[in-house]
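>>> Have a look; sequence and predicted model below, questions after that.
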Amino acid sequence: MKWFAIKMLFGDSAKFYGILLGLTFASLLISQQSSIFVGIMSRTYGFIRDTSQPDLWVVDADRMFVDDQKPLRDTEVDRVRSVSGVAWAVPLYKGLLAAKLPTGERETVDLVGIDDATLIGGPPRMIVGRVEDLRLPDAVIVDEASIATKLAVPKDLPVGESLRTFDPNADVPRRPIAVGDVLELNERRAVVVGIARTTPTFQNQPVLYTTYSRAKQFSPPNRRTVSMVLVKALPGIDIETLRKAIEHETGLLAFTQDAWSWRTMMYWLKQTGIPINFGMAILLGFLVGVAIAGQMFYNFTLDNLKYFGAMKAMGASTPRLLSMVALQASVAAVIGLGIGLGATAAFGFLIPGNRLAFRMIWQIPVITGVAVMVICVGSALLSMLRVVRLDPAEVFKS
Amino acid sequence: MSASAVRIRGLTKTFGTGDSAVHALRGVDLDALYGQATYLVGPSGCGKTTLISIIAGLLHRDGGELEVLGTDHATFRAGQLTRWRSENVGFIFQAFNLIPQLTVAENVAVPLVIRGESRRRAVAKAEELLEKVGLGGRAKAKPTKLSGGQQQRVAIARSLVHDPRILVCDEPTSALDAQTGRRVMDLITAVAHGPDRAVIVVTHDDRIFHLADRVVHMNDGTVTKVEVKG
């Protein structure tokens, strides 16, 4: 009977393709929108993930997320260092500044100042140059994603030179900003010495790395300039115990990388309409599945009800007929889900990562699969109800 | 052989309750013998379809006595009646009810597969039977590609493939022209005259009454006359 069930499903090609289209579209919408949602949310803590050396991140008690502007005094670094179990603690500067490009255009950049001595907190992967080049005068490292977009300069502008006048609306060919080009940060010279690959950030600003002391010079004068303190525990020290000790002794907040990432992501989730927007899109995908695939599958079963009735009269038990309906629903679900997820994966591969936030974690296919199964099981249950209630004597009514 | 395949006494069946109750059968007595074709005839709504539904085990009676192939359906436990039907009853429907997505042979094989035979064996048996009803060359065709008469022959093959002892036919010629209907009924009559099998035909079609061994006239839920042919 399984074979017959499959043939009945595939044989009604108009309805089968309709069901498939609905399920494919539903799983595509659900998985694609979920992947973009996860991709965007991942960008909120991309900087934290890029900075893998510290065990703990120590921040002001009011700091809600990684880009929050609630700096600490420099002396807090020493207080953290004095906590028993700390191997090292270094300051980190992170703030938004206006950068003046060689063309005179202004662009807001995310400036990261890392410890001068150890260079801890530096970019995760260098494409051009070395992190140590930050020790050169006025040195900054720029992120790869911005060099050909927001930081691009006219193609015929020689490296290291700047323009006195430039029409930003002029449609001139551009080249990526390169090592040797010079920016201005807060009226101070900043020379590009390297290009790094970083995780795209949520705000999508160009990221510039420099040393902590130079970041203080670039930024407007402020008594408090330490954005965060990066802490490494001594070998054998329990991280959770150290975290509590730092919080107890300094009155600051200390987070592991995971906890700090989570806090940052939750801030954006709570403070923005992103979850609602994506939730609506995902719900829409689900409803499309219900409206198209669910209804079509139900109609498919209704169309076949007289044949199920005939089989019931001929001695097919109700559980056997239900298993046929369940098999038809499962086959349609698996094929629709497979095509939908495949299309989402292809979409993710074809769109460059920096342009579109896309991250298909393993939970997304699982959730999409559950959603598609809910659609199919729901419509199958409704269909099954008709089969269960089917009076075999009905077959004699033409 | 002249023993009763079906023996019914005082059979009653009512649908609904109270003022809306419909008394479909009001004490029907009936005998259908092995080796004979018994025709149930009468106007629409006289209870013919209800009667064959009860005989075939598709409906339960409210009262009276019923013995089909020596057993009373009321003695069956849950599931037994379904199994009994799959083993003993063949159906020929007015609308054929052939599954359009399956081939002709697969349609004929359905009762065997329901009984638990493998698809391959069932289809092989179905193809043999299709040869006998003159449709050997159409085994792999879809039913929608066949004429009405051919479709009814497929339905006859399906009703016989599992060698049932009772064949229940509901208006088998109503969708067919006179000549095709005649050929179909010749086939069914030949089946009926086989040993150890009874055929019960519900029909309005007086052109085929002469093929019956026994004609049971019904009206308003009762048997009004029984004609036994020589």
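Done, it's in. Here the structure is a predicted model, which means the values were calculated and not measured.
>>> Give me every residue in chain B lying close to chain A.
Neighbours of chain A within chain B, by C-beta under 8 Å from any C-beta of the partner chain: B:49-50, B:52-53, B:56, B:58-59, B:79, B:82-87, B:89, B:91, B:93-95, B:97, B:99-102, B:106, B:110-111, B:113-115, B:119, B:170-171, B:174, B:202. To be clear about C-beta, it is placed using only N, CA and C from the backbone, and glycine gets the same treatment.
>>> now the helices: where do they sit in the chain?
You didn't say which chain, so I picked chain A. Here chain A has its helices, by DSSP state H, at A:2-11, A:13-44, A:46-50, A:75-81, A:144-147, A:212-218, A:239-250, A:257-271, A:274-288, A:295-303, A:305-313, A:318-350, A:363-389.
>>> wait, chain B
Using DSSP H, helices in chain B cover B:48-55, B:80-88, B:104-114, B:119-132, B:148-160, B:178-192.
>>> Pull out the buried residues from the fifth one.
The neighbour-count criterion (16 or more other C-beta atoms under 10 Å in any protein chain shown) identifies B:Gly149, B:Gln150, B:Gln151, B:Gln152, B:Arg153, B:Val154, B:Ala155, B:Ile156, B:Ala157, B:Arg158, B:Ser159, B:Leu160 as the buried residues of helix B:148-160.
>>> Also the last one?
Within helix B:178-192, the residues that count as buried by 16+ other C-beta under 10 Å are B:Thr180, B:Gly181, B:Arg182, B:Arg183, B:Val184, B:Met185, B:Leu187, B:Ile188, B:Thr189, B:Val191, B:Ala192.
>>> packing partners for it?
On a contact count with 3 or more C-beta pairs under 8 Å, 6 or more residues apart in numbering or on different chains; DSSP states H and E, helix B:178-192 meets strand B:37-41, helix B:148-160, strand B:166-170, strand B:198-202.
>>> can you redo these as TSV with mean pLDDT?
Formatted as TSV, these follow (pLDDT from 0 to 100):
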stretch	mean pLDDT
strand B:37-41	91
helix B:148-160	86
strand B:166-170	89
strand B:198-202	90
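>>> Let me have these in a markdown table, extended by distance to A:Ala357.
Compiled in a markdown table, the helices and strands packed on helix B:178-192 are given as follows (distance: least, C-beta to C-beta, whole Å):
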| stretch | distance to A:Ala357 |
| --- | --- |
| strand B:37-41 | 73 |
| helix B:148-160 | 59 |
| strand B:166-170 | 64 |
| strand B:198-202 | 69 |
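>>> Select, out of these, the one closest to A:Gly104.
Closest approach to A:Gly104 among the helices and strands packed on helix B:178-192 (C-beta to C-beta): helix B:148-160, 84.7 Å.
>>> Quick one: residues in contact with the closest one.
B:90-93, B:96-98, B:104, B:107-108, B:110-111, B:126, B:129-130, B:132-135, B:138, B:143, B:146, B:167, B:169, B:172-173, B:175-177, B:180, B:183-184, B:187-188, B:191 (C-beta atoms under 8 Å, 6 or more residues apart in numbering or on different chains).
>>> For ChimeraX, what selects the buried ones among those?
The buried residues among those can be selected in ChimeraX (16+ other C-beta under 10 Å) with this line:
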select /B:90,91,92,93,96,97,98,104,107,108,110,111,126,129,130,133,135,138,143,146,167,169,172,173,175,176,180,183,184,187,188,191
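>>> ok, the residue sitting nearest the centre point of chain B - contacts?
Compute the mean C-alpha point of chain B, and by C-alpha atoms, centre = their mean the closest residue is B:Val168, 1.0 Å away. B:Val168 is in contact with B:Ile52, B:Ile55, B:Ala56, B:Val89, B:Gly90, B:Phe91, B:Ile92, B:Ile200, counting by C-beta under 8 Å, 6+ apart.
>>> number of nearby residues for the second one?
Other residues near B:Ile55 come to 25 when the count uses other C-beta atoms under 10 Å in any protein chain shown.
>>> Pull the number of nearby residues for residue 65.
Went with chain A since none was named. Neighbour count for A:Phe65, taken as other C-beta under 10 Å: 19.
>>> that answer is for a different chain, and I need it for chain B
By other C-beta under 10 Å, the residues close to B:Glu65 number 13.
>>> Identify the bridge partners of it.
B:Arg9 (DSSP bridges).
>>> list the contacts for the residue of the stretch 251-398 of chain A found nearest chain B?
Closest residue of the stretch 251-398 of chain A to chain B, C-beta to the nearest C-beta: A:Gly315 (2.3 Å). A:Gly315 makes contacts with B:Thr82, B:Arg83, B:Trp84, B:Arg85, B:Ser86, B:Glu87, B:Val89, B:Pro111, B:Ile114, B:Arg115, as judged by C-beta under 8 Å, 6+ apart.
>>> What sits closest to it if chain neighbours are left out?
B:Ser86 (2.3 Å; C-beta to C-beta, 6 or more residues apart in numbering or on different chains).
>>> and if you look at B:Thr49?
A:Phe396 (4.7 Å).
>>> Same question for A:Phe10.
A:Phe16 (5.8 Å).
>>> That neighbour - how many residues pack around it?
Neighbour number of A:Phe16 under other C-beta under 10 Å is 21.
>>> is it true that it touches A:Met8?
No - in this structure, A:Phe16 is not within contact of A:Met8 by C-beta atoms under 8 Å, at 9.5 Å.
>>> picking up where we left off before, are any of the contacts of A:Gly315 buried, and which?
The buried subset of those (16+ other C-beta under 10 Å) comprises B:Thr82, B:Trp84, B:Arg85, B:Ser86, B:Glu87, B:Val89, B:Pro111, B:Ile114, B:Arg115.
>>> Fine by me, thanks again.
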